[in-house]
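In: Any chance you can model this:
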Amino acid sequence: MDSSDTTTGFHHLSSSPTSSPVSSPPAAIHSPCAACKILRRRCADKCVLAPYFPPTEPLKFTTAHRVFGASNIIKLLQELPASQRADAVSSMVYEANARIRDPVYGCAGAIFQLQKQVSELQAQLARAHAELINLQAQQKNLIAMICMEMAQTQQGYRTTPQSTNALADSPNMYQNDAYFLDEISHGSVWDEPLWI
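Out: Just a heads-up that it's a prediction; the model follows:
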């Protein structure tokens, strides 16, 4: 075997490597976004609509497209910085839903209804507050009247001639009245409101 055979044999052996060849990574399957799927166009890698209208939410784009149109949505997103695009899409979808429900007023109608509801609740709260103040005043007046009547009753027992007989009949009367007045002054009798 001459040197030419050996070199050819060596060359033949080196051309068939023993290790497996390096395979390239499989190409990622790019699913078209909901907007491109509805518009029936090819979804590019840098599609401006893809981050905001995923293929799992086709109704989101359908609603916005029905009111604003695809070209206006794309134009608006291209004019905005990337940090504000998600909020813009949410606003467009909300406005589109409101406009479909109420073609005349749209979002303004919903805002008007909410403002009306807030005004009604504020009026109810003011009425309840006024009623509470009125009931508290009535409770104070009632306590004052009871105290005055008890004081007059005790004064009557002291001035009438039968007071000695009354005292003999009920020796604990003044003790009970004094206890009741003491409870009123400390507020234990009237801790809870008279009316609920």
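
In: which stretches of the protein form strands?
Out: Using DSSP state E, no strands are found in the chain.

In: need the longest helix for it.
Out: helix 107-159 (DSSP state H).

In: what's it packed up against?
Out: helix 82-101, helix 163-169, helix 173-186 (3 or more Cβ pairs under 8 Å, 6 or more residues apart in numbering; DSSP states H and E). Where C-beta positions appear, they are placed from N, C-alpha and C, glycine not excepted.

In: Provide the angle between the direction of it and the direction of helix 82-101.
Out: For helix 107-159 against helix 82-101, the angle by axes from the mean of the first three to the mean of the last three Cα atoms, to 10 degrees is 80 degrees.

In: Name the residues of stretch 108-121 that are buried.
Out: By 16 or more other Cβ atoms under 10 Å, the buried positions in stretch 108-121 come out as residue 110.

In: Residues contacting it, please?
Out: Stretch 108-121 is contacted from outside by 98, 102, 105, using Cβ atoms under 8 Å, 6 or more residues apart in numbering.

In: Spatially, what comes nearest to the second one if we skip its sequence neighbours?
Out: What it means is residue 102. Counting by Cβ to Cβ, 6 or more residues apart in numbering, residue 102 lies nearest to residue 109, which is 4.5 Å off, once chain neighbours are set aside.

In: surely residue 93 meets residue 63?
Out: Yes: with contacts counted by Cβ atoms under 8 Å, residue 93 reaches residue 63, the gap being 6.0 Å.

In: can you list the domain ranges for the protein.
Out: 34-101, 114-186 (automatic domain parsing).

In: want to throw those into JSON lines with mean pLDDT?
Out: Converted to JSON lines, the domains of the chain look like this (pLDDT from 0 to 100):
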{"stretch": "domain 34-101", "mean pLDDT": "90"}
{"stretch": "domain 114-186", "mean pLDDT": "76"}
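
In: tell me the most buried of the ones you listed?
Out: Highest mean neighbour count among these (mean count of other Cβ atoms under 10 Å): domain 34-101, with a mean of 15.

In: Please give me every residue in contact with residue 151.
Out: By Cβ under 8 Å, 6+ apart, residue 151 has no neighbours at all.
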